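In: Any chance you could fold what I've pasted below:
(one chain, ligands or ions: 2)
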Amino acid sequence: MSACSTENKAPESIRSICCIGAGYVGGPTCAIIAHKCPEITVTVVDKNPIRIAQWNSDKLPIYEPGLQEIVMKCRGKNLFYSTNVEEGVVNADLIFISVNTPTKTYGAGKGRAADLTHVESCARIIAGCASGYKVVVEKSTVPVRAAASISEIFGANSPAASNFQVLSNPEFLAEGTAVADLLNPDRVLIGGSQTPAGLEAIALLTAVYSHWVAPERIVTMNTWSSELSKLVSNAFLAQRVSSINAVSAICEATGADISEVAEAVGRDSRIGSKFLQASVGFGGSCFQKDILNLVYVSECLNLPEVAQYWMQVIVMNDFQKSRFAKKIVSRLFNTISNKAIAVFGFAFKKNTGDTRESPAISVCAHLLEEGARLNIYDPKVETEQILSDLCHPGVCALPRERIENLVTTHADPHSAAANTHAIVVLTEWDEFKTLDYEKMIKSMLRPAWVFDGRKILDHERLMDLGFYTECIGHRYQRPQFYDHCNGHAPELLFSEKSKAFRASRQDN
Ligand code: UDX
Ligand code: ADP
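Out: Ligands and ions are numbered 1, 2, ... in the order given. Below you'll find the predicted structure:
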C-alpha cells in the first residue's frame, strides 16, 4: 500500500483512497477510479469477509456488464480488497463511505427514515483510528445534513477532527449500466463546506475525477444541496415511472397504447423520452428508499402536503404491482390454486442480479398466496436469493416450507414454461425477446397465456402462435380464439360461452 499523507495539512494530490463498503456502489466506483487513476492506490474494505473473498476471486459478488474485465486488469496492481477496515482508513488520504443505508425498520421514523447505523459506525471507526489530514466522502445516499452528523462524531471522538474534511459526493450510477455511467457520467456532484479548507478538499476530489471527466461535468456546491440533489434526482426518476404507469392503467381500460402515448409525450423536448417505459413497477435499492426518506424529511419539517405529494409515487407503484398480479388471477379464470405458472425474470431490471425491492417479489408473493406453483427463471439471480426474498418476513403470508414447496427455480426458460398455464414476464431481459415461443407453447397447457409486465415481447406474433396475451398499457382487441377459427370472422363462430368469456376479459 502506498503511504498517505501523515501531515495535518492537505496533500498536493490524493495518492491513496479507501472505500468502506464493497457493494453495488463502492465496488464498481472504485474499480473505475483505479482503472482511470493508475497512480492512486485504491483499497476497498468491507466487514463482510465473504464479499471480500468474492471480490478477490474469479466470480465477483455482483454482475455488471464490463466490470469483471476492469477489476481483473487493476486488481493486485492499484486495486485491493480487504477486510481490514482500520488499516485501509489509516493508509488513505481520502475515504469513501459507501455502506448501505436501508429504510429504518424500527423506532422513530420506522418505514420512512434512512437507517444511518452503518454510516455512523464508519464515522466512529475513522474517528478512532485516523490521524493526519483526511478527506471523508459520503457516497451512500444519506438524508440532508448527514455530513453534519459525521463531522459531529469526529469532533466528539477524535483529537485529529480538525484535520478531517467531510464532503458529499453522491453516486448516480444505475445498476446494469454502472460501468458506462461511471465512465461517462452526466455529472459528478461534489458538495462541501464553502470555507477555504472545504474548497481545498473539493479541489482534491475534483482532481481525482478530472482524470476522465470533463471539467464542465463536475459540479460543486454546498453540502446540503448535494445531499438533497441525490434524493430529489431519484424521486424525479421514480415519479416519471409512476406517472407513465398510472397512464398505463388508463390505456388498458381504453383503446390507447402506452407506447404510443409515451412516444408522443416524450417527443416534447421539455419532457424528454427517457424513463417513460411503462412496467409492472419500479424496484431497486434506491427509488423507494429515497422517496421514503424525502417523505420523512418533509414530515419532520412540518410539510405534510410535500410529504403526501411524494408518497403518492410509492402508492402508485404498489398499485401497479398489485394490479398486474390481480389481472393474472382474473384472466386465469379467477383461480390459480395449484396451477403452474412460469415466471421469467426476478431481478429488479435487466443486466443485474440484484433483487432489492424487485416488483417480482410482490407479484410472486401474491401468486403464491393464491396457491400457484411458480417455475422461476432468471439468468442472473441465484435460487437462494429468490427463496430468501420470498420468505422474508412480511413478504408472503405463507410459511417457509409451503413457499419452498410451491417454488421451483429453473436453469432455462423452456423447462420453466413446460406444463404451465402461463408465462409471466417480470424483468426485461433481452433474451426473453428471442426465445422459441413456438416450441414453448407446444409444451404448455391450453389456453396458454403470456402476461408481459415489461411490454417487451412481440405480442402479435405470440397471438399468432395461439397465446392469449396481456401486457402493461395495451388492451388487445383482437379475438383470442381467432386461430381456432381458421381465419374466419370469429364473431360468427364464437359460442355464447366464449363470447361471454371474451367480454369478461375486457373488464378490468
Ligand atoms: C437508480 C438511478 O437511476 C440511479 O441514478 C441511482 O444512482 C440509483 O437508483 P437503479 O435503481 O440502478 O438506478 O436503476 P434504474 O435504471 O433507475 O431503474 C429503477 C427501476 O425503475 C427499475 O426497476 C426499472 O425497471 C424501472 N424503470 C426504469 C421502469 O419501470 N421504467 C423506466 O422507464 C425506467
Ligand atoms: P450499496 O448498494 O449502497 O452499495 P450494498 O448493500 O451493496 O449497498 O453494500 C454495502 C456494503 O457495506 C456491504 O457489503 C456491507 O457489508 C458493507 N458495510 C456496512 N457497514 C460496514 C462497516 N461498518 N464497515 C465495513 N463495511 C460495512
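In: Check what contacts the helix or strand harbouring Leu387 and list those residues.
Out: Leu387 is located in helix 383-391, with elements delineated by DSSP states H and E. Contact with helix 383-391 is made by 346, 353, 355, 358, 361, 364-365, 368, 376, 378, 395-396, 400, 403-404, 407, 409, as judged by Cβ atoms under 8 Å, 6 or more residues apart in numbering. Yep, even glycine has a C-beta here, placed from its N, CA and C like the rest.
In: go again using 10 Å as the cut-off
Out: Contacts to helix 383-391, defined as Cβ atoms under 10 Å, 6 or more residues apart in numbering, come from residues 343, 346-347, 353-358, 360-362, 364-365, 368, 374, 376, 378, 381-382, 395-396, 398-404, 406-411.
In: What parts of the stretch 201-350 of the chain come near ligand 2?
Out: Contact residues (Cβ under 6 Å from any ligand atom) of the stretch 201-350 of the chain with ligand 2: Ser285.
In: now do 8 Å
Out: Proximity of the stretch 201-350 of the chain to ligand 2 is confined to Ser285, Cys286 under the rule Cβ under 8 Å from any ligand atom.
In: Contact partners for whatever residue of the stretch 201-350 of the chain ends up closest to ligand 2?
Out: Residue of the stretch 201-350 of the chain nearest ligand 2, by Cβ to the nearest ligand atom: Ser285 (5.1 Å). Counting by Cβ under 10 Å, 6+ apart, Ser285 touches 23-25, 100-103, 141, 175, 348, 354-357.
In: Lys349 too?
Out: Listed by Cβ under 10 Å, 6+ apart, the contact partners of Lys349 are 174-177, 279, 282-284, 358-359, 427-429, 454.
In: where does it fall, phi/psi-wise?
Out: phi -160, psi 170 (degrees, to the nearest 10).
In: gap between it and Ser388?
Out: From Lys349 across to Ser388, the span is 19 Å (Cβ to Cβ, to the nearest Å).
In: doesn't Ile361 fall inside a helix?
Out: Yes - the assignment for Ile361 (DSSP: H, G, I helix; E, B strand; the rest coil) places it in a helix.
In: In three-state terms, label the closest residue to Ala197 other than its chain neighbours for me.
Out: Among residues not flanking Ala197 along the chain, Gln165 sits closest, at 5.9 Å (Cβ to Cβ, 6 or more residues apart in numbering). Secondary structure, three-state DSSP: Gln165 is strand.
In: Give the full set of residues in contact with Gln165.
Out: Shown in contact with Gln165 (Cβ under 10 Å, 6+ apart): 10, 94, 133-137, 151, 154, 192-193, 195, 197-202, 204-205.
In: Mind giving me the ChimeraX select for those residues, buried ones only?
Out: Here is the ChimeraX command that picks out the buried ones among these, judged by 16 or more other Cβ atoms under 10 Å:
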select :10,94,133,134,135,136,137,151,154,192,193,197,198,201,202,204,205
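In: Pretty sure Ala397 sits against Gly371.
Out: No - using Cβ atoms under 10 Å, Ala397 is not in contact with Gly371; the gap is 11.6 Å.
In: For the protein, which segments count as strands?
Out: Here the chain has its strands, by DSSP state E, at 16-20, 41-45, 79-82, 94-97, 134-138, 164-168, 188-192, 218-222, 340-344, 373-377, 407-409, 422-425, 449-452, 468-471.
In: so what does the third one touch, helix or strand wise?
Out: In terms of contacts (3 or more Cβ pairs under 10 Å, 6 or more residues apart in numbering; DSSP states H and E), strand 79-82 is packed against strand 16-20, helix 26-36, strand 41-45, helix 49-55, helix 67-74, helix 85-90.
In: Extract the C-alpha set from that strand and format it as CSV.
Out: The C-alpha trace of strand 79-82 is given here as CSV (Å, rounded to 0.1, in the frame of the first residue of the first chain):
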residue,chain,number,x,y,z
LEU,A,79,-6.8,-2.0,-6.6
PHE,A,80,-7.1,-4.1,-3.5
TYR,A,81,-9.9,-5.7,-1.4
SER,A,82,-9.5,-6.3,2.3
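In: and that strand, how far from the chain's centre?
Out: Going by Cα atoms, centre = their mean, to the nearest Å, the spacing between the C-alpha centre of strand 79-82 and its chain's C-alpha centre is 25 Å.
In: got it, and the shortest one?
Out: For strand 407-409, the separation from the chain centroid amounts to 23 Å (computed by Cα atoms, centre = their mean).
In: Would you mind pulling the contact partners of that strand?
Out: 340, 342-343, 346, 364, 368, 372-378, 381-387, 390-391, 396, 415-416.
In: So which bits of this structure are right by ligand 2?
Out: Counting by Cβ under 8 Å from any ligand atom, the chain sits next to ligand 2 at 20-27, 45-48, 51, 62, 85, 98-101, 118, 121-122, 125, 140-141, 285-286, 354, 356.
In: could you redo the last one with a cut-off of 5 Å?
Out: For the chain, the contact set with ligand 2 under Cβ under 5 Å from any ligand atom comprises 20-21, 23-25, 46-48, 51, 99-100, 118, 121.
In: Alright, calling it a day.
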